[in-house]
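Novice: based on what follows, work out the 3D shape:
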Amino acid sequence: MNWGILGAARIAQSALVPAIREAGSTVHMVAARDPQKAHTFAEENQIPHSSSYQELLKNSDIEAVYVPLPNSEHLEWTIKALEAGKHVLCEKPLTLNASEARAMIEAQQKSGKLVLEAFSYRFHPQIERMLERLREGAIGEVRFLKVTYGFNLDRPDDIRWDPRLGGGAFYDVGCYGIDIMRLITREVPEQVHAVARMTTGGVDLDLGAMLHYSSCIGLLNCSFGLPFQQVFEVQGTRGNLILEAPFATDNYEAHLTVNGKAETFPKINPYAEMVKHFEKAIAGTEPLRFTLQQDSLPQMETLEQVLNAVDYPRT
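Specialist: Sure thing, here's the model as predicted:
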């Protein structure tokens with residue numbers, strides 16, 4: 001399959017270009033607002049063509065596009081890609097709020113093309129194994145979900161410090177915690193309580209939330225001001241389950257511990273597994289596992305609940 005990349009972002013270079021190639025496909029073209037930046041990115045990554053966004057979407061050789069643009073631009077360019085007849089793999093968070101997610105769903109349905117929100121961690125085998133163990137009742141009835149995901153964002157010019165672009169720790173890493181809790185509960189919470197410490201620039205540096213689901217309580221911590229850490233724990237009536245690296249990226253030897261017994265998973269590239277699945281869904285050989293209507297919309301509804309709970313400033 002021929003892919004185009006809308007935006008010469010770091011994540012595209014470090015993760016998606018290698019993943020597309022590992023899946024056996026081709027990165028045909030990269031686009032950027034700055035023609036020189038697109039050209040340089042193409043040369044550095046052995047991509048045959050570079051262009052503007054508009055030129056890429058007009059290219060009939062491209063079947064699918066990857067959108068790693070700033071969060072504030074996901075809606076606009078995903079819709080434009082759909083209108084151009086392309087399938088879209090869009091970075092998380094899919095949009096900035098539930099209203100935007102509904103607009104994207106409408107565009108997706110009109111186009112007949114597929115859109116997948118790029119939570120690559122879902123495609124790591126530790127996640128399906130975790131869900132299997134919970135379905136088996138390995139820890140009894142689930143009562144608490146606890147997620148921590150933080151790191152030290154020490155680049156002052158990083159776009160994630162810019163509220164106009166959808167910056168902040170919650171949009172960047174907190175969304176992972178919301179998503180993994182939703183994979184287990186399959187619900188939008190009934191109530192949300194949250195607090196945040198804001199930067200002078202207007203984004204959250206630290207955010208903590210308590211989410212009340214029908215049968216359990218979720219606790220979320222996310223930050224741009226901590227040493228790198230991520231962990232997910234599920235507490236049940238008969239024990240607990242821990243993922244020490246729930247959002248593990250490529251070539252990490254992951255571990256799932258259930259009631260003190262650890263299970264190790266071989267090193268894989270979940271980005272490549274995500275691309276392989278999306279291409280099979282495009283080809284019609286397997287159904288799309290995570291859809292906008294059933295997965296991304298309730299995800300955005302929950303994110304919006306948390307943002308409303310902290311009275312997050314809107315640009």
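Novice: check what contacts stretch 181-189 and list those residues.
Specialist: Contact with stretch 181-189 is made by 122, 127, 131, 134, 142, 145, 147, 211-216, 218, 220, 234, 295, 298-299, 301-302, 305, as judged by C-beta atoms under 8 Å, 6 or more residues apart in numbering. All C-beta spots, glycine's among them, are computed from the backbone N, C-alpha and C.
Novice: can you do 6 Å?
Specialist: The contact list for stretch 181-189, computed with C-beta atoms under 6 Å, 6 or more residues apart in numbering, reads 145, 211, 212, 213, 218, 298, 301, 302.
Novice: stretch 147-165 now?
Specialist: By C-beta under 6 Å, 6+ apart, the residues outside stretch 147-165 that reach it are 70, 72, 167, 172-173, 176-177, 201-203, 220-224, 226, 228-232, 315.
Novice: buried only: go through those residues for me.
Specialist: Buried members of the contacts of stretch 147-165, counted by 16 or more other C-beta atoms under 10 Å: 70, 72, 167, 172-173, 176-177, 203, 220-224, 226, 230, 232.
Novice: now do the helices in the stretch 151-300 of the chain.
Specialist: 169, 175-185, 270-283, 297-309 (DSSP state H, counting those that start in this stretch).
Novice: out of these, which is the most enclosed?
Specialist: Each of these was scored by mean neighbour count; the highest is helix 169, a mean of 27, by mean count of other C-beta atoms under 10 Å.
Novice: mind putting the helices of the stretch 151-300 of the chain into TSV with mean pLDDT and distance to residue 152?
Specialist: Putting those into TSV (pLDDT from 0 to 100; distance: least, C-beta to C-beta, whole Å) gives the following:
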stretch	mean pLDDT	distance to residue 152
helix 169	98	11
helix 175-185	98	17
helix 270-283	97	23
helix 297-309	97	22
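Novice: which of these sits closest to residue 260?
Specialist: helix 175-185 (20.3 Å; C-beta to C-beta).
Novice: convert the C-alpha atoms of that closest one to CSV, please.
Specialist: The C-alpha trace of helix 175-185 is given here as CSV (Å, rounded to 0.1, in the frame of the first residue of the first chain):
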residue,chain,number,x,y,z
CYS,A,175,-5.5,10.4,26.9
TYR,A,176,-3.7,7.1,27.1
GLY,A,177,-5.0,6.5,30.7
ILE,A,178,-8.5,7.4,29.7
ASP,A,179,-8.4,5.0,26.8
ILE,A,180,-7.0,2.0,28.7
MET,A,181,-9.7,2.4,31.4
ARG,A,182,-12.3,2.6,28.7
LEU,A,183,-11.0,-0.6,27.1
ILE,A,184,-11.9,-2.3,30.4
THR,A,185,-15.1,-0.5,31.4
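Novice: now do it: distance to the chain's middle.
Specialist: Its chain's C-alpha centre and that of helix 175-185 lie 11 Å apart, by C-alpha atoms, centre = their mean, to the nearest Å.
Novice: ok, then the element right after the least confident helix or strand in the chain by mean pLDDT?
Specialist: The weakest-scoring helix or strand in the chain, judged by mean pLDDT, DSSP states H and E, is helix 10-11 (a mean of 91). Per DSSP states H and E, the first helix or strand lying C-terminal to helix 10-11 is helix 17-22.
Novice: immediately after that next one, which helix or strand?
Specialist: Per DSSP H and E, helix 17-22 leads on to strand 26-31 as the next helix or strand towards the C-terminus.
Novice: so what are the sheet partners of that next one and their directions?
Specialist: Its sheet considered, strand 26-31 pairs with strand 2-6 (parallel), strand 49-51 (parallel) by DSSP bridges.
Novice: chain center to the last one: distance?
Specialist: With C-alpha atoms, centre = their mean as the basis, the distance from the averaged C-alpha position of strand 49-51 to the chain average is 26 Å.
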